[in-house]
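*Asks:* let me see the structure of the following:
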Amino acid sequence: MLERYRSLATAFGDARVQYAVKANPEPAVLRALTAAGAGFDVASPAEIDACLAAGARPESLSYGNTIKKPAAIAMAHAAGVREYAFEAEGDLENLARHAPGARVSVRLLVDAPASVTPFGRKFGCAADEAIALVVRAAELGLDPAGVSFHVGSQQLDTRAWDVATGAAATVFRAAAERGVPLRTLNVGGGFGVSYTRQAPSPAGYADALRGALRRHFPGAPPELVLEPGRAIVAEAGLIRTEVVLVSRKSAADPHRWVFLDIGRYNGLAETENEAIAYRFEPVGEHTAEDGPVIIAGPTCDGDDVLYQQTPYRLPLSLRAGERLDILATGAYTASYSSVAFNGIEPLRTYCVSGGRLISAE
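*Replies:* Below is the predicted model of the structure:
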């Protein structure tokens, strides 16, 4: 995990790296990143409390969620958080009222290439609205610092940041013409990891972003802020699952159904629409011969099928009671695990450092 954080920080040079806590809020993760000097992108009062409990300084936190209650803003401001994202006038007015003088960035809705798990149109606003909002922020006594955007989670097409950076540059220019100079460009997260498809390296992402900044900000570039989550923690974790049942729907069916003791409601929410295709490794000795499988979770929900279209093959010797390791599952698994759906307990988390168990929850 720390190697991934350092490789991103090194690749992007002077950029400010703020870990997206939602990816994995495990206290041991937050403590390690705090010690390494990371900042944090928080989305709720609970995440603020978790970061502060891990030793993070309030000024290292940025409240990146544009959907927040006035009480949450007041709590964050009282805790010392001074940086916020927004996308609507109502939120902006709440910020002026409950976090006076705060540093704010408008979130821009961008038309980037589709990512593996896109956000659609839920977050951000159009460029014209963004320009009006940063002017309004200044009128309200806030500090309009810049523009933020997100090109979608697990974004494997580095051209996405060029499209989004170009859109952000139009807001920078128009705001300056209206007497509101901006200085910060928050390019969000979306940096991918290699599941079953190869993702660009941190250096590959950094090169693409530097090129976009040269094209769209030919003068002095803005301060760059990153909010990686998956790219830092995904490869630091695995899930060991037990095979509950192996069956065929008919003797003629070439596919075996492999039912696991974990499914979509117990941490594998990102398998919806088979968006994230995790890698599976059998534990123990197995024959080399394998065959096609459909992989499903244990609940009574018919939608709790993990992979039916994505081709997977597992050993023909695989039996109930044996185990599989699901690799690169350190991001968006424990944090997505529901509370006791079908009576199945939330995903347990074990933190290991240097081969030593340091916490278990």
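*Asks:* from here on, just use CA atoms for contacts and neighbour counts.
*Replies:* Noted.
*Asks:* the nearest residue to L140 once chain neighbours are set aside and M75, how far apart?
*Replies:* Setting aside the residues directly before and after it, L140 is nearest to A96 in space (Cα to Cα, 6 or more residues apart in numbering), at 6.1 Å. Separation of A96 from M75 (Cα to Cα, to the nearest Å) stands at 14 Å.
*Asks:* now do G211
*Replies:* 39 Å.
*Asks:* who's more crowded, these two?
*Replies:* M75 (18 against 13; other Cα atoms under 10 Å).
*Asks:* domains in this structure, by residue range?
*Replies:* Residue ranges for each domain of the chain read 2-233, 237-360, as given by automatic domain parsing.
*Asks:* so where's the protein uncertain?
*Replies:* 340-341 (pLDDT under 70).
*Asks:* can you rerun that using 90?
*Replies:* Counting by pLDDT under 90, the chain contains low-confidence ranges at 111-122, 219-220, 287, 337-361.
*Asks:* in it, spot the strand with the most residues.
*Replies:* strand 305-315 (DSSP state E).
*Asks:* what lies in contact with it?
*Replies:* Here strand 305-315 makes contact (Cα atoms under 8 Å, 6 or more residues apart in numbering) with 263-264, 271-272, 274, 277, 282, 286-297.
*Asks:* what do you get if the cut-off is 6 Å, keeping everything else the same?
*Replies:* With Cα atoms under 6 Å, 6 or more residues apart in numbering as the test, strand 305-315 has contacts from T271, E289, D290, G291, P292, V293, I294, I295, A296, G297.
*Asks:* same question, stretch 102-119
*Replies:* So stretch 102-119 is contacted by 82-87, 124-126, 142-149, 151-155, 160, 164, 275 (Cα under 6 Å, 6+ apart).
*Asks:* which of those are buried, as a PyMOL select command?
*Replies:* Here is the PyMOL command that selects the buried residues among the contacts of stretch 102-119 (16 or more other Cα atoms under 10 Å):
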select buried, resi 82+83+84+85+86+87+124+125+142+143+144+145+146+147+148+149+151+152+153+154+155+160+164+275
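*Asks:* which of the contacts of stretch 102-119 fall within helices?
*Replies:* A160, A164 (DSSP state H).
*Asks:* pull up the distance across stretch 146-159, start to finish.
*Replies:* Start-to-end, stretch 146-159 (Cα to Cα) is 21 Å.
*Asks:* thinking again about what came up before, comparing the domains of the chain, which comes out most buried?
*Replies:* domain 2-233 (a mean of 20; mean count of other Cα atoms under 10 Å).
*Asks:* just the element for the residue nearest to P202 when sequence neighbours are not counted, please.
*Replies:* Leaving aside its sequence neighbours, P202 sits nearest to L8 (Cα to Cα, 6+ apart; 5.5 Å). In this structure, L8 sits in helix 2-11 according to DSSP states H and E.
*Asks:* partners of the helix or strand following that helix in the sheet?
*Replies:* Using DSSP H and E, the helix or strand that directly follows helix 2-11 along the chain is strand 16-20. Counting by DSSP bridges, the strands paired with strand 16-20 are strand 39-42 (parallel), strand 223-226 (parallel).
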